[in-house]
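Q: Could you work out the structure for the sequence below:
(one chain, ligands or ions: 1)
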Amino acid sequence: MMAAKKKSTRGRKTCPACGETTGARTRTCKCGHEFQIKTHKQSVRGPLDYSLEELENLVKAKKAVAEPLAKLIEKHGAEVVLAEAQRLAQ
Ligand SMILES: [Zn+2]
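A: Alright, predicted model coming up:
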């Protein structure tokens, strides 16, 4: 039985390695090629490679530091600010 279904490419992509058409959300092709999928959820942490928990705890300990903290990080970098916050928290 022949399906008169129109072949749609919407929501699908073609593997550059083997030419196979896969679903748009497929992360890895059957041939093993890995598609690069843009995700926005991963970039929540911002420019800090530091543990934000660590900073937050320090901020909680010294509430006065909380407000200018973001600006300080922007200006001096997390490393300097964290060191200073640790010094203040002692
Ligand atoms: Zn492939």
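Q: what does the chain put close to the ion?
A: 15, 17, 18, 20, 29, 31, 33 (Cβ under 5 Å from the ion). For glycine as for every other residue, the C-beta is placed from the backbone atoms N, C-alpha and C.
Q: Please report the number of neighbouring residues for the first one.
A: It stands for residue 15. 18 (other Cβ atoms under 10 Å).
Q: With pLDDT and secondary structure added, can I get the residues of the chain next to the ion in a markdown table?
A: Listed next are these as a markdown table, based on pLDDT from 0 to 100; DSSP: H, G, I helix; E, B strand; the rest coil:
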| residue | pLDDT | secondary structure |
| --- | --- | --- |
| 15 | 91 | coil |
| 17 | 93 | coil |
| 18 | 96 | coil |
| 20 | 93 | coil |
| 29 | 92 | coil |
| 31 | 95 | coil |
| 33 | 92 | coil |
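Q: Just the buried residues of those residues.
A: Burial by neighbour count, 16 or more other Cβ atoms under 10 Å: within the residues of the chain next to the ion this picks out 15, 29.
Q: Can you tell me which of the residues of the chain next to the ion is nearest residue 51?
A: The closest of these to residue 51 turns out to be residue 33 (Cβ to Cβ; 34.4 Å).
Q: Could you find the closest non-adjacent residue to that closest one?
A: Closest residue in space to residue 33, ignoring its immediate chain neighbours: residue 17 at 3.9 Å, by Cβ to Cβ, 6 or more residues apart in numbering.
Q: Buried residues, whichever strand or helix holds residue 79. List them.
A: Assigned by DSSP states H and E, residue 79 belongs to helix 78-89. Buried residues in helix 78-89, counted by 16+ other Cβ under 10 Å: 78, 81, 82, 85.
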